[in-house]
Every structure is written in C-alpha cells, then in structure tokens.
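Student: Following is a predicted model, sequence given first.
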Amino acid sequence: MPKLTIDGTEIEVEDGITVLQACEAAGAEIPRFCFHERLSIAGNCRMCLVEMEKAPKPVASCAMPAADGMVVHTNSPVARKAREGVMEFLLINHPLDCPICDQGGECDLQDQSMAYGTGFSRFHENKRAVKDKDLGPLVKTIMTRCIHCTRCIRFATEIAGVEELGATGRGEQMEVGTYIERALTSELSGNIIDLCPVGALTSKPYAFTARSWELNKTESIDALDAVGSNIRVDARGAEVMRILPRLHEDVNEEWISDKTRFAYDGLRRQRLDRPYVRENGKLREADWREAFDAIAARLEGVAGTRLAAIAGDLADAEAMFALKELMAGLGSPHLDCRQDGAQIDPAARAGYLFNTTIAGIEQADACLLIGTDPRWEAPLVNARVRKRWLMGGFKVGLVGVPRELAYPAEHLGAGPQTLGEIAAGQHGFAQVLKDAARPMLILGQGALARPDGAAVLGLARAIADTTGMVADGWNGFNMLHTAAARVGGLDLGLVPGEGGRDVAGILAGAQSGEIEMVYLLGADEIDMQGLADAFVIYQGHHGDAGAHRADVILPGAAYTEKSATYVNTEGRVQRTSLAVFPPGDAREDWKILRALSQVLGRTLPFDTVGQLRHRMAAANPVFGEMDVVQSAPWQAFGGDPKAVSDAPFGRRIENFYMTDPISRASETMAQCTGLYVNTDSGRTGTDG
C-alpha cells in the first residue's frame, strides 16, 4: 500500500486509487467536473490540478495513480493559479444564464467558480453558440452551456449500455450529442441530468417550474417497481415538483429509472379526493359516513365466506395487514395479493425472494434469465447485471421472449421445454451453470403468471438444485417481482386461507354469485368484467380501472403522501415518508380500514401506526428491522415440474412507461409511450 504526503500529512492508501481519491481520503477538497466515481476516468476538465514535488507542472489528480513517496500540495499558490486559469478557460464560452438556468443553486460550475475562480476574465471575444439537441421528452438540452466533461457520454455507454451519445468535431467545433437526430432509448436516461455539472442537461418536465431552494426535500422510497429505489421527493406546498435519486449502494447505487423520476406528474391527475357511492348506476359524491354506512348496509347478513379481498401492486404493508385482519374478523378466507395470478408458493420465503441480493449480482459467475425482461421490469437490476458483465467472465442465458438487454444474452429457448433440458443436464448451458463458482438464475413473473406457474417454479428450483446454485454463503435462486407490494403481502400472509380462493377463484366466484362483495385495495390490474355481479369496494388514490367498476370508492393516499412500509424484491424492509398531504378527504389506507372496521362492528386492535407496526413485527419478525436483508432457509417449494405445458413464456410488461395508476395518469409517461412504445424507435428492443 503506497504512502503519500498530502499537504504535510502522511497517509497510506489502497493500491490502484488515484491521487484525487487519496487527497480526499486525507481530508483535502479537490474540485472536479469530469471525474465521477462510477465512470471511467476521462481527464477532460483539468480542474483537479494539484502541485506535485519533482513534477515539471501541475498534474491532473483524477488521472494520476497514487504512488509511494509522492508529495502533493493541494492548495499551494501553483495549484490555486492553475485552477484559476482552468476556470477562466471554462468560462470563456459559458453563457451568463444563471438567472434563468434550472441548474441554479445546484450547479457545480457556479459553486466552483465562486470558490476557485478569479472573478474576472481577460477574454473579450464573442462566445460561441451551439445548437440544442433533441434527446426526447425527458431531457432538456442547452448545449451552449456544455463544458465537454463527457459524463453523459460515459454514463450512456458504460452504465446504461446505450451507445447513442458522443462527441463530434474537435476544439472550437466539438459538440456533444447523438450522432444522428434521435431520442435517447435508455430507461435510465434521466440520470445524465444529475451527472451534468452545468445546466446543459436539465429535466424537461421540471423546466422553469421551481427553484431548488423553494422546495421541501423528503427522503423516501420509490413504489413504482419492486426494486425499492431510494429517492428524494422535492415538493412545494401540496405538489410534488420532482423526484431525485438518493444514494444506497446495495439497492440503486445513485441511479433511478425514468419512470421513477418522471411519473410524478401523475400524482396530481385523476386523483380520488372524496368518497363516492353508486346510486342508480352512477357514482355520486358522498362523505365518509355515507360511504361506510353504504358498505355496512350491503354487508349486513352476508356470510364471511361470500366476501373477498384483493390487494394491488402499490399497497403498503400497513394497509395489507389491516385488510387481512379485517377480512379475518369478517370470517373470509378469500384474499390474495397476487393480482396478476402468479403461482408463487407463500410457504417458503426463499422461493419468492431475490436471494442473491441486488448488490450480490456482482459476485455471480453465470446467470440464467427465465421468463423475465429485467430491462423493463427492473432497470436498476438490469444495470447491475450489465455492471457484472463488464467485469468479465460472466455468461447470461435467456429463456423466454428475446430481448435487447444492454449486455449479450444467449437465447436458449422459449419456454419450459428448455428449462427441463437444463434441469436434466441435457442442455449446454447446464454445464455453464455447473462450472460457475456462483451461478444464479432470475425467475420472472412472465414464467409464473400462467396456469402451470407452480410447475415452472418447481422446475426453476430443480435447476437451482442440480446446478449447485445453493451452497454455504450463496443462494443463486432469485425471483424478480414487478410489484412493490408483492413481497410484503406474501410476508404478511395475504394469500388464501384454508378453503380460500385466489384471484382467479375470486373472479370466478363473483361471476357465479358465490362471492357477493370484493374489496379492492388499489387493485387495478385484474379483469374488472369478472366483477360484474359483485358489490365492489375500491380503496385507492387514482380513478383507474378499479374506481370505474366500484360501487363505493374510498380515497386513499399515494406513496408520497404517507409513512408506509414496503418490502423490495430482495426482502429488504424500507419505509416511505410523508412529503405532501393527501388531497381533499383522502386518508392513509390503514386509517380507512381501521375506521371501517369500527362501523362494521369488527374493530381492529390498534389505534396508532406504531401499534400496527408492532403487531406486524409480531406476525413476521422481518418487519422488525429496517433496511436489512434477512436470509431465508432453503426449503421445498413449487409444484411438480412434470406438470408444465409447452406454451412459451410471455412478457409481463408490454409498456414500461405505464404499469400502474400513477404512471398511467402521467402526461410525461404518455409522451414516452407515444415515442418509444407505439413506434419502432428502438426502445422496444424485441430482437435479441
């Protein structure tokens, strides 16, 4: 390990790090524009110049490897003068846009020019102008501000795996943009907004709407997929103005998907802000008492076995637990949280978790994708797989619909027949998995949301057993969920009880008349025609499919409007925070269920959210610890592998930009759908 002397202090650092990183480890602040810890080193901006003894001139610390015996001065007159000169050059062509720039208040160039600039310029020539590029409906460009740090280029190429940004021309004529006029086709494209150190790349939907210092900032969790990305919700008054990523190395690092970042405008459209009751075939506004009385009158004398409940993909754990307790009090065994019909075995936790963990992907040696499209189902998981592939020595096989995944994936087959061959050792990829020290598989909902899903689950488990995926300190069996509520619902036992019906059974019972009442807790992805003859109670926050079918609507709170618990696909328990209050008469979901239970004469045994969470932890200890992945024992699960059909696996998500009531209400996501999904722009990527 090399020892350096930095500003008179000797420090020992790890092998392979740069002088810039060594200086920061010693407590010295080094300005930079092009350097980023997660991107390759470019050495473009030269802002990180430091003085090094025995060197003929200042050195770029970001590109200089730390070596034993170096003596570095970070704040000497030579280093200060060098940075002043670099800053003076950077500002030659930079426009005086600070009063109208959305980056104002968060601009690295603004901050560093104040700290390291001179306050004057010796250049009087006209500033150059560069034509703005059209990168699509998400990223706004003002390319005259660009300082050619190439962070956006490196992110698109290295992290997103979409080589669509680059630099053309040299010197005065150099421009950053797409080589041909087209929109970016990555589901992670919004991250270049955060990476840009100036105002060249900003958020197009957020443009000219607010200043950073006007916003209240709340740390929270994303609920639009099952990754559980850590986010920061920026709000002004009662309105969410933007959503930004928050650092979490084990989940999303410092990236978020475009849907997470830009679907927030759906939070203020088509909202349910008051109860509704259906009379004479039409919904009318009501107050809470009227809505509860209508439910109580309809359920009077109805046996519990004729009642059912379905929890949707955005439901929080507190609401699902309260719903389960209410249905148990009413005597109903018919409830389910798997509204897509996925045949998941709730008895074995290891059978429905991403056991490797998202960060653990980086330790794997081979990967088998089964009935999943991680690029659309979980872009951050897909980015981790790409990160592992870039390290080398990593083969990926795909069984299902061919797909462009930002890394090479060998298409092995279309359905269960290929899985049977791998399990029996009759397929070439079986040997790849056996030879790997840490093999893994990712089982998607496209393979489980079908009649033989339980058999496919059993077949996937057989592959894990026969190829040595489960060993001491390693579990390579992974299920990738698409719903934020799914793992929490399974952990709480929100599945049919003894003699109970699942979603398909509930819909069949509603059609036959055996089920009289169905309670939909934000469940919008089911076939509402199957509920034609039932009394439907819909509790949710958007006027989506469930609200259109409902006989009584109870307005709930969205994930940005409550402190609520979610469990991500790897079993990590996390909690959102209230950033804005729910609109109108809407309330937190568990409070609605608690109040309804009292009207129905089945009062739930908790009055505060603390009491509710205490009971949740008693029901399942995993809810007792936040932000921890608890490993699950490997035990039997799944159906008979021999019971699979020959039908190929389908795709779980047909439109990445509209998967839930919030994103379906978003104008920005509608623009993305029109550009990327309903055209042949390339982001559909169906060819492997």
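Tutor: Cool, the structure landed. Numbers count the residues shown, from 1 in each chain.

Student: Residue 5 touches residue 73, doesn't it?
Tutor: No: using CB atoms under 8 Å, residue 5 is not in contact with residue 73; the gap is 9.3 Å. Using the backbone N, CA and C atoms, a C-beta is placed for each residue, glycine as well.

Student: Between the two, which has more neighbouring residues?
Tutor: Neighbour totals were compared for residue 5 and residue 73, and residue 73 leads with 20 against 15 (other CB atoms under 10 Å).

Student: In contact with the residue nearest to the more buried one when sequence neighbours are not counted, which residues?
Tutor: In space, residue 73 comes closest to residue 51 once its chain neighbours are excluded; the distance is 4.3 Å by CB to CB, 6 or more residues apart in numbering. By CB atoms under 8 Å, 6 or more residues apart in numbering, the contact list for residue 51 reads 58, 72, 73, 74, 76, 78, 79, 82.

Student: same question for whatever helix or strand residue 51 lives in, mean pLDDT?
Tutor: Counting by DSSP states H and E, the element that carries residue 51 is strand 49-52. Average pLDDT, strand 49-52: 95.

Student: For whatever helix or strand comes next after that strand, enumerate the helices and strands it packs against.
Tutor: Next along the chain after strand 49-52, taking DSSP H and E as the criterion, comes strand 59-60. Counting contacts by 3 or more CB pairs under 8 Å, 6 or more residues apart in numbering; DSSP states H and E, strand 59-60 packs against strand 49-52.

Student: Parallel or antiparallel, which strands does the strand it packs on pair with?
Tutor: Strand 49-52 has the following strand partners under DSSP bridges: strand 59-60 (antiparallel), strand 71-73 (antiparallel).

Student: Buried subset of the contacts of residue 51, written for PyMOL?
Tutor: Buried members of the contacts of residue 51, defined by 16 or more other CB atoms under 10 Å, are picked up in PyMOL with:
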select buried, resi 58+72+73+74+79+82
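
Student: my read is residue 240 is in a helix, agree?
Tutor: No: assigned with DSSP: H, G, I helix; E, B strand; the rest coil, residue 240 falls outside any helix and is strand.

Student: Look at the nearest residue to it once chain neighbours are set aside and give its secondary structure.
Tutor: Distances taken as CB to CB, 6+ apart put residue 264 closest to residue 240, at 4.8 Å, once the chain neighbours are dropped. Following three-state DSSP, residue 264 is assigned to helix.

Student: Near residue 264, how many other residues are there?
Tutor: Neighbour tally, residue 264, other CB under 10 Å: 26.

Student: do the same with residue 628
Tutor: Residue 628 has 11 neighbours, counted by other CB under 10 Å.

Student: Ramachandran angles for the closest residue to residue 157 other than its chain neighbours?
Tutor: Computed as CB to CB, 6+ apart, the closest residue to residue 157 that is not its neighbour in sequence is residue 163, at 5.1 Å. Backbone geometry at residue 163, expressed as degrees, to the nearest 10, gives phi -90, psi 70.

Student: so residue 163 makes contact with residue 154?
Tutor: No: look at residue 163 against residue 154 with CB under 8 Å: they stay out of range, at 10.8 Å.

Student: Give the residue spans of this structure that score low on pLDDT.
Tutor: Confidence mapping of the chain against pLDDT under 70 gives the ranges 679-688.

Student: follow-up on the earlier one: which of the contacts of residue 51 sits closest to residue 527?
Tutor: residue 74 (64.7 Å; CB to CB).

Student: secondary structure class for the closest residue to the closest one other than its chain neighbours?
Tutor: The shortest distance from residue 74 to any non-neighbouring residue, by CB to CB, 6+ apart, is to residue 28 (4.3 Å). The three-state assignment at residue 28 reads coil, by three-state DSSP.

Student: Give me the phi and psi for residue 28.
Tutor: phi -90, psi 140.

Student: For residue 185, which of the strands paired with strand 49-52 is the nearest?
Tutor: Nearest to residue 185, of all those, is strand 59-60, at 33.1 Å by CB to CB.

Student: Grab the nearest non-local neighbour of residue 288.
Tutor: Spatial nearest neighbour of residue 288, excluding adjacent residues (CB to CB, 6+ apart): residue 275 at 5.8 Å.

Student: hang on, the earlier thing: return the residues in contact with the residue nearest to residue 74.
Tutor: Contacts of residue 28 by CB under 8 Å, 6+ apart are 6, 7, 74, 75.

Student: Next, format the residues you listed as CSV and append distance to residue 118.
Tutor: Formatted as CSV, the contacts of residue 28 follow (distance: CB to CB, whole Å):
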residue, distance to residue 118
6, 25
7, 22
74, 18
75, 16
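
Student: how near is the residue nearest to residue 157 to residue 174?
Tutor: When distance is defined by CB to CB, to the nearest Å, residue 163 is 18 Å away from residue 174.

Student: Equivalent analysis for residue 486, please.
Tutor: In this view, residue 486 and residue 174 are 48 Å apart by CB to CB.

Student: Could you tell me how many residues sit around residue 267?
Tutor: Neighbours of residue 267 using other CB under 10 Å come to 25.

Student: how would you label it: helix, strand or coil?
Tutor: Under three-state DSSP, residue 267 comes out as helix.

Student: My guess is it contacts residue 558. True?
Tutor: Yes: Residue 267 lies in contact with residue 558 (CB under 8 Å); the separation is 5.6 Å.

Student: Can you work out which residues contact both of these two?
Tutor: Shared contacts of residue 267 and residue 558 (CB under 8 Å, 6+ apart): residue 662.

Student: circling back: what residues does the residue nearest to residue 240 make contact with?
Tutor: 233, 240, 241, 242, 243, 560, 666 are the contacts of residue 264 under CB under 8 Å, 6+ apart.

Student: again, but for residue 138
Tutor: Neighbours of residue 138 in contact, by CB under 8 Å, 6+ apart: 184, 189, 190, 203, 204, 205, 258, 261, 262, 668, 672.

Student: any idea how far residue 257 is from it?
Tutor: Distance of residue 138 to residue 257, given as CB to CB: 11 Å.

Student: any residues in contact with both of the two?
Tutor: Applying CB under 8 Å, 6+ apart, one finds that residue 138 and residue 257 are jointly contacted by residue 190.

Student: which residues touch residue 57?
Tutor: Under the criterion of CB under 8 Å, 6+ apart, residue 57 has no neighbours.
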